[in-house]
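*Asks:* Predicted model and sequence follow; I will ask about them next.
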Amino acid sequence: MAAKNTLDLSMNKYADVPYEEKERLFEEMKADHRWNHVLYGCYECGICVAACPSARFYDFSPRVIAQAAAREDVDLVYTLMNDSVWDCSQCFSCDRCPRQNSPGQIITVMREVAVKNGLKTAKEALEGYGRIIYKIMSTGTQVSPDMLQPNAFPDWGGHVKDISDNLDVWRKALPPETLHTTETGWQITDKTIIELYLIWHMTGVMKLIEGVDEGLFMILVDVMEERLEEAGYDNISFD
Amino acid sequence: MIHLPIVKAVDRKFEANPEEAPKEDIREAVLQLEKEGEWEVSRVPEPYMEVKTKYGRSKKIPVQKTWHHKSCGQCGHIPGYSTSIFWLNRAFGLDYHDPTDQTSCTAWNYYASATSNPEAQAAVAMRNFAAAAETGYFPIIHCGTSFGHYKEVRHALVHQPELRRKVKKILEKLGKKLVMPEEIVHYSEWVLAMRNRIAERQVLDMSMITATVHPACHYHKLVEDDAVYDSEIYGAQRTAIITSTLQALGIKVGDYSTWYDCCGFGFRHILVSRDFSRSFSVQRKIEVMMEEVNPDITVTHDTGCVTTLDQSQFAGKAHGKKVGLPVLSDSQIAALAMGAHPYKVLQMHWHNTDNTRFLEKLGIDHAKMWAEFEAEADKIRRGEKQFLTWEDAAK
């Protein structure tokens, strides 16, 4: 079962990071259009902590996140951006805040800034997650039946092997015609996937992936460019 | 010390008055933007059903002509969930569309990894809504996270003209219009609105069953005013979703102290930090349900919740925890009540926790039913048939 790791809030850990750099990231957070709708101050009542699942199993507190952001404590926000935000469950149970804060949404913004700026801790948090990003960005579905392999889910027991052993037949034994797939959650047209890929380009997501995981970026480009070519898309503009 | 009288929450009723709602009705702004030529609004097909949301507002729920926005986790790992939704539609002879021009909302990845941004998320949502509008069918969302996320996208698009402009431009490049649905509807709202019709067609007595309910966080905590409430269910102090449906089927719903807690899914945790998901799910949900209610089943209405609550129990058992509680969706329970096959339709073999005792309590001969499924599967193995059809599932 999960064990708690202690969060180091001494500020020594990131003392070598220039204050200006921490401030730059904080300003990027504040510039997000959501900022003024997710943080109004903090009563320090702790209701968010009481509702928070992650607070029960990690050294994690949505109240600390909201307070640090509201006080504009640049050093503490930087520490939390590195060592705390990835513990959040993103369930938004903290949205019951009587001050109408959303610590979960503050964290969404902090994570985006961390990823966009390629923070080492963000890259570490995403280690082992690349195959999921690849799956969603290249196929349009996040998880697929063929992901159910015993070595990937040993803690789910022997039934994963049953599914894996019978996968092709059990998928064909599903009455909806769109569910006979094994590599995607459902049958998706090529045109649909290509439109999704164009969205990733036009909204800067491909650039984001290049910054955070260059290897993944290259594989995605290879696979998708081939798909574009096969589908007859030449000289397409990603702008 | 002051001693206040203890009044149970369920003894009080919250009578909502939409005139006193503390929040805007975003749907009015959606329609106003249509008048201003900012987008088209796809209307809920008539005749529609109506339910009440948190502040007493009416929400339109389509009966048919529905475009089924499927869920990655449901279709990928618990496919009897979506199959049961389709089966219910077919059982009532309703017209629906199961699209291939649909992507995931991609919000699971967004909440897990932040490797996206609001513009991309809005563009993905609006591409799907445009695809639905092109077919003439109205979107109904299978996943709780897609449902909550799309409502957030709607809020952002209403209040941010610049975001709207950018997304409109992207869709133009894809040859698509900017179309916002009149309502954003979760499939479980359709099941709830249909509950009395389902009960009329019920062939399986479920009055001996006690269930617990787990509502999905992204259903009733994200954009919380647009979840279904009913003064007869928990005094309208909690969402009526699932509970109302189960009670209509004669199932006793037991209350428990961690009802409001999440399931432990965590988005990234269920994929790469499952120690947390397992611990939370077992210790804060399953064990509490078992100790306080000892139900026959727990019923939920979202991808992640079924997955986490069900799959986590294997490790819980290894740790000697009080587990062994089958987990199903409300769509599966409703289909079962109407006589759907537990393996050909509900596809219960994709679930982890032993559910045979639950079936036995309902008087279902699960060994015979499994043999029937296996016979069909063998025909596929031998190449005698390509697929299990809807007609096969009805036998």
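*Replies:* Sure, I can see it.
*Asks:* Please count neighbours and contacts with C-alpha atoms only from this point.
*Replies:* Will do.
*Asks:* Would you mind listing the residues in contact with the residue of chain A found nearest chain B?
*Replies:* Nearest to chain B in chain A, going by CA to the nearest CA, is A:Ser89, at a distance of 3.9 Å. Contacts were defined as CA atoms under 8 Å, 6 or more residues apart in numbering or on different chains; by that measure A:Ser89 touches A:Pro53, A:Ser54, B:Gly264, B:Phe265, B:Gly266, B:Phe267, B:Arg268, B:His269.
*Asks:* Export those to JSON lines and append columns for secondary structure.
*Replies:* Conversion of those to JSON lines gives the following (DSSP: H, G, I helix; E, B strand; the rest coil):
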{"residue": "A:Pro53", "secondary structure": "helix"}
{"residue": "A:Ser54", "secondary structure": "helix"}
{"residue": "B:Gly264", "secondary structure": "coil"}
{"residue": "B:Phe265", "secondary structure": "coil"}
{"residue": "B:Gly266", "secondary structure": "coil"}
{"residue": "B:Phe267", "secondary structure": "coil"}
{"residue": "B:Arg268", "secondary structure": "coil"}
{"residue": "B:His269", "secondary structure": "helix"}
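*Asks:* Send me the helix or strand where A:Ser138 lies as CSV with only the CA atoms.
*Replies:* Take DSSP states H and E as the rule and A:Ser138 turns out to sit in helix A:130-139. Included here for helix A:130-139 are C-alpha records, laid out as CSV according to Å, rounded to 0.1, in the frame of the first residue of the first chain:
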residue,chain,number,x,y,z
GLY,A,130,5.2,8.3,-23.0
ARG,A,131,3.4,5.3,-24.5
ILE,A,132,0.1,6.7,-23.3
ILE,A,133,0.8,10.1,-24.9
TYR,A,134,1.8,8.3,-28.0
LYS,A,135,-1.4,6.3,-28.0
ILE,A,136,-3.8,9.2,-27.5
MET,A,137,-2.0,11.6,-29.9
SER,A,138,-1.6,9.1,-32.7
THR,A,139,-4.8,7.1,-32.4
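*Asks:* what about A:Val221, which SS state?
*Replies:* The three-state assignment at A:Val221 reads helix, by three-state DSSP.
*Asks:* Can you tell me what sits against the strand or helix carrying B:Gln121?
*Replies:* Secondary structure here is read from DSSP H and E; on that basis B:Gln121 sits in helix B:118-135. Applying CA under 8 Å, 6+ apart, the external contacts of helix B:118-135 come out as A:196, A:199-200, A:203, A:205, B:42, B:67, B:101-103, B:105-107, B:138-139, B:150, B:153, B:157, B:163, B:166-167, B:170-171, B:176-181.
*Asks:* quick one: buried residues of that helix?
*Replies:* Buried residues in helix B:118-135, counted by 16 or more other CA atoms under 10 Å in any protein chain shown: B:118-133.
*Asks:* what's the next secondary structure element after it?
*Replies:* Tracing the chain past helix B:118-135, the next element assigned as helix or strand by DSSP H and E is strand B:138-141.
*Asks:* Report all helices and strands that the following helix or strand past that next one contacts.
*Replies:* As assigned by DSSP H and E, the chain's next helix or strand after strand B:138-141 is helix B:144-159. Identification of packing neighbours for helix B:144-159 by 3 or more CA pairs under 8 Å, 6 or more residues apart in numbering or on different chains; DSSP states H and E yields helix B:26-35, helix B:107-113, helix B:118-135, helix B:161-173, helix B:217-220.
*Asks:* Can you list the neighbours in contact with helix B:144-159?
*Replies:* B:26, B:29-30, B:33, B:71, B:105, B:107-108, B:118, B:121-122, B:125, B:141, B:163-164, B:180, B:184-186, B:216-219, B:222-223, B:301-303.
*Asks:* Just the buried residues of those.
*Replies:* The buried subset of the contacts of helix B:144-159 (16+ other CA under 10 Å) comprises B:26, B:30, B:33, B:71, B:105, B:107-108, B:118, B:121-122, B:125, B:141, B:163-164, B:180, B:184-186, B:216-219, B:222-223, B:301-303.
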